[in-house]
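J.: Structure of the sequence below:
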Amino acid sequence: MNKYLRLFRFGNGIMGIVGIIVGALLSTGTGMIDHWTVIILACVLVVLFMAGGNALNDYIDAEIDKTAHPDRPIPMGEISRDTARNLGMAFMALSVILSLPCAILGIGGGWITTVMVVICAVMMILYETVLKQRGFVGNLTIAFLTAMIFMVGGSVTGHPWDNAIFAGMAFLVNVGREISKDIEDMESDRDRKTLPMSIGPRRASYLASAFFILGPVLSLVPIALGEVTWAYYLVFLADGIFLYCGYMVPKDAHRAQKMAKVAMIIALVAFILDVIV
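T.: From the prediction side, this is the model:
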């Protein structure tokens, strides 16, 4: 595979495109077709953003990757660290530049979309350079960036806050997943100060459980407001799996974080069906 494709890991960008499209669908339903131009712009933006983040990650982790990921372009000598850094910052800057027409021309959610993208770019750079080594703060940052994809997807259709509940749910359960992954990876993360290393895997698992439980609580808000169709109640299946994940983390962190991914997909389907039914 081409060295730049391996550096940017565009497979992650495809997942970002899916997140933007889902965010647009959740906010406007089939009416998202009317916003196809700004949705395409957002998709290009998120691909550049994630490619830039991956390049910065490889620049920062160059020494670690000599043993952890020796097949990546920098350890193999195919791309220099400086090149990875420059490309990462350039792609991050391009993603912000692409969001400027929203603020300047008042399209795709206006200035709110641009502010969201700027915040995400700053958080990504801070994560790669500082927060990754700060354990729990790093977990919160990754979960925040994941949730913001859905918020940006809604914002470019002119509905910046319509996805707040789903994004909030995604944030909470992804914090649980990130902590669970850190528990699972304790042996290989010796050069990082993760939360399980700071407070111990047992206490970290209890915190992860709390986040897995808080996610389903948030899913009850639309029901309490009386704003759902019958299709939304599929979310209870996802909620049950999240609660199971909360129970499983202290016993098997790997299984818990894998099951949480399944539950997130089910919750996503429930939210989508509620919009289009």
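
J.: for the stretch 1-150 of the chain, what spans make up the helices?
T.: 3-8, 10-28, 36-60, 62-68, 81-105, 111-129, 136-155 (DSSP state H, counting those that start in this stretch).

J.: weakest of these by average pLDDT?
T.: Across the helices of the stretch 1-150 of the chain, the stretch with the lowest average pLDDT is helix 62-68; it has a mean of 81.

J.: Flag every buried residue along that helix.
T.: Ala62, Asp65 (16 or more other C-beta atoms under 10 Å). (Each C-beta comes from the backbone N, C-alpha and C, glycine too.)

J.: by contact count, what packs against it?
T.: Contacts defined by 3 or more C-beta pairs under 8 Å, 6 or more residues apart in numbering; DSSP states H and E place helix 62-68 against no helix or strand at all.

J.: can I get the helices of the stretch 1-150 of the chain in JSON lines with distance to Met169?
T.: Formatted as JSON lines, these follow (distance: least, C-beta to C-beta, whole Å):
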{"stretch": "helix 3-8", "distance to Met169": "29"}
{"stretch": "helix 10-28", "distance to Met169": "12"}
{"stretch": "helix 36-60", "distance to Met169": "20"}
{"stretch": "helix 62-68", "distance to Met169": "32"}
{"stretch": "helix 81-105", "distance to Met169": "25"}
{"stretch": "helix 111-129", "distance to Met169": "18"}
{"stretch": "helix 136-155", "distance to Met169": "8"}
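
J.: so which of those helices comes closest to Val221?
T.: Among these, helix 10-28 comes nearest to Val221, with 14.5 Å by C-beta to C-beta.

J.: which outside residues touch that closest one?
T.: 32, 34-35, 39, 42-43, 46-47, 49-51, 54, 146, 149-154, 156-159, 162-163, 166, 268, 271-272, 275-276 (C-beta atoms under 8 Å, 6 or more residues apart in numbering).

J.: Counting neighbours, which of the residues you listed end up buried?
T.: 32, 35, 39, 42-43, 46-47, 49-51, 54, 146, 149-154, 156-159, 162-163, 166, 268, 271-272, 275.

J.: sorry, back to before: quick one: which of the helices of the stretch 1-150 of the chain is nearest Ala224?
T.: helix 10-28 (18.6 Å).

J.: Could I get the buried residue list for the closest one?
T.: 10, 13, 16-17, 19-20, 22-28.

J.: doesn't Leu237 make contact with Val269?
T.: No: here Val269 does not reach Leu237: they are 9.5 Å apart, not a contact under C-beta atoms under 8 Å.

J.: circling back to that earlier point, please convert the buried residues of helix 10-28 to TSV, extending it with distance to Glu187.
T.: Output for the buried residues of helix 10-28, formatted as TSV (distance: C-beta to C-beta, whole Å):
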residue	distance to Glu187
Phe10	30
Gly13	30
Gly16	30
Ile17	34
Gly19	31
Ile20	36
Val22	35
Gly23	36
Ala24	41
Leu25	40
Leu26	38
Ser27	42
Thr28	46
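
J.: Out of all residues in this protein, which is the farthest from the middle?
T.: In the chain, the greatest distance from the average C-alpha position (C-alpha atoms, centre = their mean) is reached by Gly77, at 29.8 Å.

J.: any idea how far it lies from Lys66?
T.: Gly77 sits 11 Å away from Lys66, taking C-beta to C-beta, to the nearest Å as the criterion.
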